[in-house]
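*Asks:* Let's see this in three dimensions:
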Amino acid sequence: MSVALELMRSEDLSCLSRKCAVAAATLSDWRHAFLSGGEAAWKIRYYASLECPALVA
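*Replies:* Next up, the predicted model:
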């Protein structure tokens with residue numbers, strides 16, 4: 001997760017790839033999975049709040 005966060009902070013993909021010894025394509029996939037997971041979690045929380053606003057409080 002920390003690598004994905006570094007990418008979110010605008011860390012250069014190729015520099016991070018060398019630093020972590022991981023292919024740039026793999027890092028890009030991790031970033032995509034990280035963002036997709038966050039989006040899915042947000043949607044679950046949003047739609048749950050529509051059904052039961054007390055859950056969000």
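
*Asks:* what's the lowest-mean-pLDDT helix or strand in the chain in contact with?
*Replies:* Taking mean pLDDT, DSSP states H and E as the measure, the chain has helix 2-8 as its least confident helix or strand, at a mean of 83. For helix 2-8, the external contacting residues (C-beta atoms under 8 Å, 6 or more residues apart in numbering) are Leu13, Leu16, Cys20, Val22, Leu27, Trp30, Arg31, Ala33, Phe34. C-beta coordinates here come from the backbone N, C-alpha and C atoms, glycine included.

*Asks:* what secondary structure does the fourth one sit in?
*Replies:* Classification of Val22 by DSSP: H, G, I helix; E, B strand; the rest coil places it in coil.

*Asks:* The spatially closest residue to it that is not a sequence neighbour - how many residues pack around it?
*Replies:* Take Val22 and drop its neighbours on the chain: the residue closest to it by C-beta to C-beta, 6 or more residues apart in numbering is Val3, 7.5 Å away. Val3 has 18 neighbouring residues, counting by other C-beta atoms under 10 Å.

*Asks:* Thank you kindly, that will do.
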